[in-house]
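[1] Below is the sequence, then the predicted model.
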Amino acid sequence: MAKPDDPETRRAPEVSRRDFLRGTGAVISAGIVAGSEVLQAKDTSAGAKILGPDKVPIALRINGTTKSLSLEPRVTLLDALRNELELTGAKKVCDRATCGACTVIIAGKPAYSCSVLAIEAQGREIATVEALAQGGKLHPVQQAFVDNDAQQCGYCTPGFVMACKAFLDKHPNPSVEQVRKGLGGNLCRCGTYVGITHAVLQAAKQMKGGRAHA
């Protein structure tokens, strides 16, 4: 009978890190491939149309105008706006749907355009910061940002402006706490949150008779 401290008892199977990664990679890859085949077969049997990987024609309704594009299905709405339509207000900062710099309004709701495929946005009204100013006059939200020094480097500003516009459309008379909670999905690395809060309250007053002070 082997003793507890016997080398034969303590010896574990010798598996190198390389072998472990090779084995787990094979398992994961097999699952992905199998899943893809099953999904494709399911879609095909249901008569669904599989698009890509080549470019396909799509139509986007942006700022009241329909734009016809030819894009690969993998292209995000943000990249379509910036690279294809030269609407560069929405900024590509984190590209991970965490900072809000790319916020646009889709069907009346704020959305991170970096996490929406352009092909998915078809058939819905899309609004970008470029459409807010009318006739050379700033939108009340934009003017409030200027009046309250609510911007510094500017990278987050267009996304914040669009998020504020969508927020005020839904909450025309917000409290300070509602403003802070409602804009929690947007980040300002310069830390101009006090100015932004004042800007939202000013815009609320001008647009809907909201509170005028923080």
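    Happy to help now that I have it. Numbering: from 1, shown residues only.

[2] For the protein, give me the ranges with low pLDDT.
    Low-confidence segments of the chain, defined by pLDDT under 70, are located at 1-47, 209-214.

[3] Point me to the residue sitting closest to the centre of it.
    Residue closest to the mean C-alpha point of the chain, counted by CA atoms, centre = their mean, is Y112 at 2.1 Å.

[4] got a list of what that residue touches?
    Applying CB atoms under 8 Å, 6 or more residues apart in numbering, we find Y112 in contact with 97, 100, 102-103. Backbone N, C-alpha and C define where each C-beta goes, glycine included.

[5] Next, give phi and psi for it.
    Backbone geometry at Y112, expressed as degrees, to the nearest 10, gives phi -80, psi 110.

[6] returning to what we had before: from the contacts of Y112, pick the one nearest N186.
    G100 (3.3 Å; CB to CB).

[7] how about the strands in the chain?
    Assigned strands in the chain, in chain order: 56-62, 65-71, 103-106, 109-112, 125-127 (criterion: DSSP state E).

[8] looking at the ones you listed, which is buried most?
    Among these, the stretch with the highest mean neighbour count (mean count of other CB atoms under 10 Å) is strand 103-106, at a mean of 25.

[9] Direction included, what does that one pair against?
    Based on DSSP bridges, the strands next to strand 103-106 in the sheet, each with its direction, are strand 109-112 (antiparallel), strand 125-127 (antiparallel).

[10] Run through who's touching the shortest one.
    Outside strand 125-127, the residues within contact range by CB under 8 Å, 6+ apart are 60-64, 77, 104-108, 162.

[11] Turn the residues you listed into TSV, columns for distance to K205.
    As requested, these are arranged in TSV below (distance: CB to CB, whole Å):
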residue	distance to K205
L60	34
R61	31
I62	30
N63	26
G64	27
L77	32
V104	25
I105	21
I106	27
A107	27
G108	22
M162	20
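
[12] Could you point out which of these is nearest to L85?
    I62 (6.9 Å).

[13] and the gap between that closest one and A121?
    I62 sits 9 Å away from A121, going by CB to CB, to the nearest Å.

[14] Pull the distance from stretch 69-78 to the chain's centre.
    Relative to its parent chain, stretch 69-78 has a centroid offset of 15 Å by CA atoms, centre = their mean, to the nearest Å.

[15] and it, which residues are buried?
    If you call a residue buried by 16 or more other CB atoms under 10 Å, then stretch 69-78 has these buried ones: 69, 71, 73, 75-78.

[16] repeat for stretch 180-197
    Going by neighbour count (16+ other CB under 10 Å), the buried part of stretch 180-197 is 182-183, 185-188, 192-193, 195-197.

[17] contact partners of that stretch?
    Contact with stretch 180-197 is made by 98-101, 103, 110, 145, 148-153, 155-156, 159-160, 163-164, 167, 171, 174, 176, 179, 200, 214, as judged by CB under 8 Å, 6+ apart.
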